[in-house]
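In: Would you be able to build a 3D model of this:
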Amino acid sequence: MSEAIAKPSRPDPDSAALADLDLMLPDLFHDDYHVKVFERLRREAPVYRQEVEELGTVWNVTKYQDIMAVDTDHETFSSEGSIVVTDQEEDFPLPMFIAMDPPRHDAQRREVNGVVAPRNLALMEETIRGRVKSILEALPSGETFNWVDTVSIELTTQMLATLFDFPFEDRRKLTRWSDVATADEASGIVDSEDQRREELGECLAYFTELWNQRVNEPPRGDLVSMLAHGESTKNMGPMEYLGNLILLIVGGNDTTRNSISGGVRFLNQFPEEYAKLRANPGLIPNMVPEIIRYQTPLAYMRRTTTKDVVLGGHTIPKGDRVLMWYVSGNRDNSVIDQADRFWIDRPKARQQLSFGFGIHRCMGNRLAEMQLRVLWEEILEQFERIEVVGSPSYVNSNFVKGYTDLPVVVHRR
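Out: Residues are numbered from 1 along each chain as shown. As a prediction, the model looks like this:
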């Protein structure tokens, strides 16, 4: 999909009737169509009511401060049941701790939080750096290749395999299961819901074997062992185990993978920032949260109201769906200075919503940032420039904001 060509099926964000703007489109993020859509909503309808076929009323929250108000009030805006716009499937439920409220959420999250504790991150950095060096050294010089598959997916999948202590030779299964978990029939990833369920069943079967091995061994520092031995997780049923696996796989895959690709794209879109980076590699730690803000790899999170509540002048009834559009809040000029600009030495670069806030703030945020920091340190060591030589192709999803293809040529030092 060319960045320059918009699909005719999408309403013009400037001239369409407000009620015709559809945030459920699978190509919402293609060629950055969403930017103008959310710009208009923040201006004219910051809490935007949309009637969605088969789902009913959805309240879309688009401004930074309103999103913060929702995200930090888990008693009024519950995560129970689902973090995406659709409900849990009754005959194929995937409970996971991000879609739970306290106390279950707190207890289950605590069991696995140690894997990204500061001490463990420090120990992982050397491993990550070695893998990054190997991946970058193997890249072809002077010929076009897909950065998404060769670097972004490969690096994050190697990291996931490490976190789970997953057989390294099968690591691409993790990528596939991550893609399938967030896919529907419009995604191009699966042909049917039956196929999706079948492949997630294969994921459960594979990880059940790993569970059975780890539960009979002394506790170790990998995620499967932590779940198998954790006081609040060791008695999980199969679907809850699968739900938490999917949460950890998607969380460890999509954020980092799409930010790795996004960073290369943005530096090519803003060459003055790329020149600034090459002149001063010390800007990398500040650039990393700016990449994550500008990409916003997971575009929204859902909450469900536990009582009638007033937000942005609207009364939202108890039981309604509320979507916090992080991808919009991260472009809110009323809070973030020059929010449409990719600015690697931005003051207050951490003032962004991509990881969420409150009790559900992404537990792997420091790991994601470390991977991006190490990657860019090594890129600047090996390459003069990574040149984007064609238009990206995008994931078909209004939840995962990501790429399937980014054609590049690398220029070595």
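
In: State the distance from residue 313 to residue 322.
Out: 15 Å (CB to CB, to the nearest Å). From N, CA and C alone the C-beta is placed, and that goes for glycine too.

In: and these two? which has more neighbours close in?
Out: Per other CB atoms under 10 Å, whichever of residue 313 and residue 322 has more neighbours is residue 322, with 25 against 7.

In: residue ranges for the strands of the stretch 201-350 of the chain, please.
Out: Listed in chain order, the strands of the stretch 201-350 of the chain (DSSP state E, counting those that start in this stretch) span 300-305, 309-311, 314-316, 321-325.

In: Can I get those strands in JSON lines including distance to residue 83 and mean pLDDT?
Out: Compiled in JSON lines, the strands of the stretch 201-350 of the chain are given as follows (distance: least, CB to CB, whole Å; pLDDT from 0 to 100):
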{"stretch": "strand 300-305", "distance to residue 83": "5", "mean pLDDT": "95"}
{"stretch": "strand 309-311", "distance to residue 83": "18", "mean pLDDT": "97"}
{"stretch": "strand 314-316", "distance to residue 83": "18", "mean pLDDT": "98"}
{"stretch": "strand 321-325", "distance to residue 83": "10", "mean pLDDT": "97"}
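
In: highest average neighbour count across those?
Out: By mean neighbour count, with neighbours taken as mean count of other CB atoms under 10 Å, strand 321-325 ranks first of the strands of the stretch 201-350 of the chain at a mean of 26.

In: which residues in the stretch 51-200 of the chain form helices?
Out: Counting by DSSP state H, counting those that start in this stretch, residue ranges of the helices within the stretch 51-200 of the chain are 64-71, 104-113, 118-137, 147, 154-164, 172-181, 193-215.

In: For residue 299, which of these is the nearest?
Out: Nearest of the helices of the stretch 51-200 of the chain to residue 299, taken as CB to CB: helix 64-71 at 11.9 Å.

In: Need the pLDDT of the residue of the chain most remote from its centre.
Out: Ranked by distance from the centre of the chain (CA atoms, centre = their mean), the top residue is residue 216, with 33.4 Å. Note on residue 216: pLDDT of 94.

In: separation between it and residue 244?
Out: Distance from residue 216 to residue 244, by CB to CB: 20 Å.

In: repeat for residue 409
Out: Taking CB to CB, one finds residue 409 at 40 Å from residue 244.

In: Of those two, which one has the most company?
Out: More crowded of residue 409 and residue 244, by other CB under 10 Å: residue 244, with 25 against 18.

In: leaving aside the residues next to it on the chain, what's closest to that one?
Out: Distances taken as CB to CB, 6 or more residues apart in numbering place residue 96 nearest to residue 244, at 4.9 Å, with adjacent residues excluded.

In: list the contacts for the residue nearest to residue 317 when sequence neighbours are not counted?
Out: Closest residue in space to residue 317, ignoring its immediate chain neighbours: residue 308 at 5.6 Å, by CB to CB, 6+ apart. By CB atoms under 8 Å, 6 or more residues apart in numbering, the residues touching residue 308 are 315, 316, 317, 318.

In: Report how many residues lie close to the residue nearest to residue 244.
Out: Residues lying near residue 96 (other CB under 10 Å) number 25.

In: now swap in residue 407 and tell me
Out: 16.

In: Contact partners for it?
Out: Residues in contact with residue 407, defined by CB under 8 Å, 6+ apart, are 144, 145, 146, 147, 388, 389, 390.

In: Would you tell me which one of these comes nearest to residue 71?
Out: Nearest to residue 71 among these, counting by CB to CB, is residue 147 at 31.9 Å.

In: Might one say that that closest one is in contact with residue 404?
Out: No. Using CB atoms under 8 Å, residue 147 makes no contact with residue 404, being 11.1 Å away.

In: tell me the SS of the closest residue to residue 187 other than its chain neighbours?
Out: Once flanking residues are discounted, residue 187 sits nearest to residue 396: 4.6 Å by CB to CB, 6+ apart. Of the three states, residue 396 takes coil under DSSP: H, G, I helix; E, B strand; the rest coil.

In: residues in contact with residue 301?
Out: With contact set as CB under 8 Å, 6+ apart, residue 301 has these partners: 71, 79, 83, 323, 324, 326, 356, 360.

In: how close does it get to residue 144?
Out: Going from residue 301 to residue 144 by CB to CB gives 36 Å.

In: tally of neighbours for the closest residue to residue 52 other than its chain neighbours?
Out: Nearest residue to residue 52, sequence neighbours excluded (CB to CB, 6+ apart): residue 58, at 5.2 Å. Counted with other CB under 10 Å, residues neighbouring residue 58 total 18.

In: what do you get for residue 129?
Out: Residue 129 has 16 nearby residues by other CB under 10 Å.

In: Now do the contacts for it.
Out: Contacts here follow CB under 8 Å, 6+ apart; on that basis residue 129 touches 374, 377, 378.

In: rerun that using 10 Å as the cut-off
Out: Residue 129 sits next to 370, 371, 374, 375, 377, 378 when contact means CB atoms under 10 Å, 6 or more residues apart in numbering.

In: No further queries at this time; thank you.
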